[in-house]
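Q: Whatever this is, show me its structure:
(chains A and B)
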Protein chains: 2
Amino acid sequence: MIELNVGFIGLGKMGQGMVNNLLKAGFYTSVYDIRKEPLGKMKTLGANVSGSSKEVALNSDVVISMVRDNAQTEQVLFGDKGVLEGMKKGCIIIMSTISPDFSKKHAPKLEKEAGVHLLDAPVSGGPMAADAGALSIMVGGEEGVFKQYLPIFKAMGKNIFYCGASGAGLVAKLTNNLIYAATMAGLSEAVALGLKEGIDLSVLLGIYKVSSAGCWAAEHYWDYVTPQRKDTGPDSNMEVLYKDLRLALEFAKEKGVSMPITRFCSQLDLYDRVKS
Amino acid sequence: MIELNVGFIGLGKMGQGMVNNLLKAGFYTSVYDIRKEPLGKMKTLGANVSGSSKEVALNSDVVISMVRDNAQTEQVLFGDKGVLEGMKKGCIIIMSTISPDFSKKHAPKLEKEAGVHLLDAPVSGGPMAADAGALSIMVGGEEGVFKQYLPIFKAMGKNIFYCGASGAGLVAKLTNNLIYAATMAGLSEAVALGLKEGIDLSVLLGIYKVSSAGCWAAEHYWDYVTPQRKDTGPDSNMEVLYKDLRLALEFAKEKGVSMPITRFCSQLDLYDRVKS
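A: I've put the predicted structure just below:
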């Protein structure tokens, strides 16, 4: 394996697990977050704590950005003391789920103006999969660049998909999440009707798991609404899911693809029934 | 095992596989269908061919009805030369997906007026699972009666669920199918958007299978639209699915449960995009 110094910016629930797995895989890893608390935690695991995104970039061949949204990603890369101030070659990997257009717009510019590759590589699986190094990762960008940095993806994920040119990883992720939203919508009203008839929740879920209603949501949905799992509870997930539906709708509009069910789901309270 | 003579009415694609498995399990099985062709086929497998639903009932301790809808079920049970003309005790098992109210209304009447038990036991899995004896079966009715006839269900199904009182099996099945419809709706527009971006169908489906979009539909949907599977193609399945959505909406209205996504799906052409 080529020795690579990895930078990681954005130490939320997902990022912490991902950094832990990079360290376990033996990568020298520099980290940064605007909050102090996760920096201390990562330091005890062996990460090199930096004072800014720029400093992370100065220390790294590859910089991973795993922050919330387009605006934060923009700030991390192009803001004051941002990655681009420190990085003159290598590769930036955006693992947040942001607009595909961000990647389509910036990848050729970064390549040309700074000699920096850009890959979009959003993930699926949630904090548990991040902790376990079992994420699904959907990558868009130049295939040769993807192959070069595959060991980094393998440290964090179990299922790595090369989807195509810049933005394709993000489009794949958005389509994944709109299916999830549709299954959640169906599941929550199916369960409401079944419970109203007096059928046990465990019987309903048992049926769905082995029948044509079978879906990830039916297997895992209740993990998110039981009191034991409040730390990764419905509210934070819901917010992220609706953000992804909006991104999918925006992108589909540009592409001229009609998305009736996604639009409808974006107007529903997908968690309402099961919370009550 | 108690020796039971089984009657089976309705020899469509599902019925034929189910009868075959009853015969394999050693049940003496009498069959009837208004069409001659499947009767000949079932005879060569060892079934006793009857001339009417009434004659099936005269030969049987348990009569299974597996016809298309409420109207046909009504005709089979209560019509001229129907099951009730021949049956004075034992059990009728309705395995078609019909209105839960049919079962709720007739079960107590049949018990009281004819000494005949009624179970609703709709199935999931399609013709392939019917052939393989691997159906999911959702049963509503008296639990003692269900237990008595369990060997019959086991001959045809792999996953047998007791759901509750009369109608509960049908409600469970309808909720299963509305989830399937919602996943189909999400899946078809997700794939449309992904293909538009130039992502391979195999990559999209590979992602969905291991991520939060994971669903039976993503695993099996394309079985129904490839030319090799024209015999069980989209048109017949689509018709049946929309019928189930209508039944779910009717029942939910009575129960006062709002079903926005089911209503929306019932107005979409769920197969449109993948066919084109």
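
Q: which residues does the closest residue to chain B within the stretch 1-150 of chain A bridge with?
A: As assessed by CB to the nearest CB, chain B sits closest to A:Ser124 within the stretch 1-150 of chain A, at 3.9 Å. For glycine as for every other residue, the C-beta is placed from the backbone atoms N, C-alpha and C. As for beta bridges, A:Ser124 partners with A:Ser136 under DSSP bridges.

Q: Now do the contacts for it.
A: A:Ser124 makes contact with A:135-136, A:138, A:173, A:176-177, B:207, B:211-212, according to CB atoms under 8 Å, 6 or more residues apart in numbering or on different chains.

Q: List the contacts of A:Glu111.
A: Shown in contact with A:Glu111 (CB under 8 Å, 6+ apart): A:117-118.

Q: Buried residues, the helix or strand where it lies. List them.
A: Using DSSP states H and E, A:Glu111 maps to helix A:100-114. Buried residues in helix A:100-114, counted by 16 or more other CB atoms under 10 Å in any protein chain shown: A:100-104, A:106-107, A:110-111, A:114.

Q: Let's see it as PDB, backbone CA atoms only.
A: Extracted C-alpha coordinates of helix A:100-114, given in PDB (Å, rounded to 0.1, in the frame of the first residue of the first chain):
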ATOM      1  CA  PRO A 100     -24.300  16.800  -7.200                       C
ATOM      2  CA  ASP A 101     -23.700  20.200  -9.000                       C
ATOM      3  CA  PHE A 102     -21.200  21.200  -6.300                       C
ATOM      4  CA  SER A 103     -18.900  18.300  -7.400                       C
ATOM      5  CA  LYS A 104     -19.700  18.800 -11.200                       C
ATOM      6  CA  LYS A 105     -18.800  22.500 -10.900                       C
ATOM      7  CA  HIS A 106     -15.700  22.300  -8.800                       C
ATOM      8  CA  ALA A 107     -14.000  19.100  -9.900                       C
ATOM      9  CA  PRO A 108     -12.700  20.400 -13.300                       C
ATOM     10  CA  LYS A 109     -11.800  23.800 -11.800                       C
ATOM     11  CA  LEU A 110      -9.800  22.300  -9.000                       C
ATOM     12  CA  GLU A 111      -8.000  19.900 -11.300                       C
ATOM     13  CA  LYS A 112      -7.100  22.800 -13.700                       C
ATOM     14  CA  GLU A 113      -6.400  25.600 -11.300                       C
ATOM     15  CA  ALA A 114      -4.800  23.800  -8.300                       C
END
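
Q: What separation do you get for A:Leu4 and A:Leu247?
A: Going from A:Leu4 to A:Leu247 by CB to CB, to the nearest Å gives 30 Å.

Q: Could I have the CA atoms of the helix or strand where A:Val139 lies written out in CSV?
A: Using DSSP H and E, A:Val139 sits in strand A:135-140. Provided in CSV are the C-alpha atoms of strand A:135-140 (Å, rounded to 0.1, in the frame of the first residue of the first chain):
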residue,chain,number,x,y,z
LEU,A,135,-20.4,1.8,5.2
SER,A,136,-21.6,1.7,1.7
ILE,A,137,-19.7,4.3,-0.3
MET,A,138,-20.8,5.7,-3.7
VAL,A,139,-18.0,7.4,-5.6
GLY,A,140,-18.1,9.8,-8.5
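
Q: How many residues are close by A:Gly12?
A: Neighbour count for A:Gly12, taken as other CB atoms under 10 Å in any protein chain shown: 18.

Q: for it, what are its contacts?
A: Applying CB under 8 Å, 6+ apart to A:Gly12 gives the contacts A:38, A:66-68.

Q: List buried residues within these.
A: A:38, A:66-67.

Q: So what's the residue count around the nearest residue to A:Val83 once chain neighbours are set aside?
A: Counting by CB to CB, 6 or more residues apart in numbering or on different chains, A:Ala57 is the residue found nearest to A:Val83 once chain neighbours are left out, at 4.5 Å. Applying other CB under 10 Å, we find 29 residues neighbouring A:Ala57.

Q: got it, and A:Gly51?
A: Counted by other CB under 10 Å, the residues lying close to A:Gly51 total 10.

Q: The longest strand seen in chain A near chain B at all?
A: When chain A is scanned for its longest strand (criterion: DSSP state E), the result is strand A:157-164. Yes - using CB under 8 Å from any CB of the partner chain, strand A:157-164 comes into contact with chain B via A:158-159, A:161-164.

Q: Setting aside sequence neighbours, what's the nearest residue to A:Leu178?
A: Spatial nearest neighbour of A:Leu178, excluding adjacent residues (CB to CB, 6+ apart): A:Thr262 at 4.6 Å.

Q: So that neighbour belongs to a helix, correct?
A: Yes - the assignment for A:Thr262 is a helix, going by DSSP: H, G, I helix; E, B strand; the rest coil.

Q: contacting residues for it?
A: A:178, A:181-182, A:245, A:248-249, A:252, B:186, B:189.

Q: Isn't the residue nearest to A:Val83 up against A:Lys81?
A: No - contact criterion CB atoms under 8 Å: A:Ala57 and A:Lys81 do not qualify, at 9.6 Å.

Q: wait, isn't A:Leu77 in contact with A:Asn70?
A: No - with contact defined as CB under 8 Å, A:Leu77 does not reach A:Asn70; the gap is 10.8 Å.

Q: higher neighbour count, these two?
A: The neighbour comparison of A:Leu77 against A:Asn70 (other CB under 10 Å) goes to A:Leu77, with 25 against 16.

Q: helix or strand for the more buried one, which one?
A: helix A:70-78.

Q: Tell me which other helices or strands that helix touches.
A: Applying 3 or more CB pairs under 8 Å, 6 or more residues apart in numbering or on different chains; DSSP states H and E, one finds that helix A:70-78 makes contact with strand A:62-65, helix A:83-86, helix A:100-114.

Q: returning to that earlier point: out of the contacts of A:Ser124, flag the one nearest to B:Gly198.
A: Among the contacts of A:Ser124, A:Met138 lies closest to B:Gly198 (CB to CB), at 13.8 Å.

Q: For the closest one, give me its contacts.
A: Remark: with contacts taken as CB under 8 Å, 6+ apart, A:Met138 is in contact with A:121-124, A:161, A:163, A:168-170, A:172-173, A:176, B:207.

Q: try it again with 6 Å
A: Contacts here follow CB atoms under 6 Å, 6 or more residues apart in numbering or on different chains; on that basis A:Met138 touches A:122, A:161, A:163, A:169, A:172-173, B:207.

Q: Check A:Tyr149 too.
A: By CB under 6 Å, 6+ apart, A:Tyr149 lies in contact with A:Cys91.

Q: domain assignment for chain A?
A: Residue ranges for the domains of chain A, per automatic domain parsing: A:5-166, A:173-266.

Q: Could you save the ones you listed as CSV and add columns showing mean pLDDT?
A: As requested, the domains of chain A are exported to CSV (pLDDT from 0 to 100):
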stretch, mean pLDDT
domain A:5-166, 97
domain A:173-266, 85
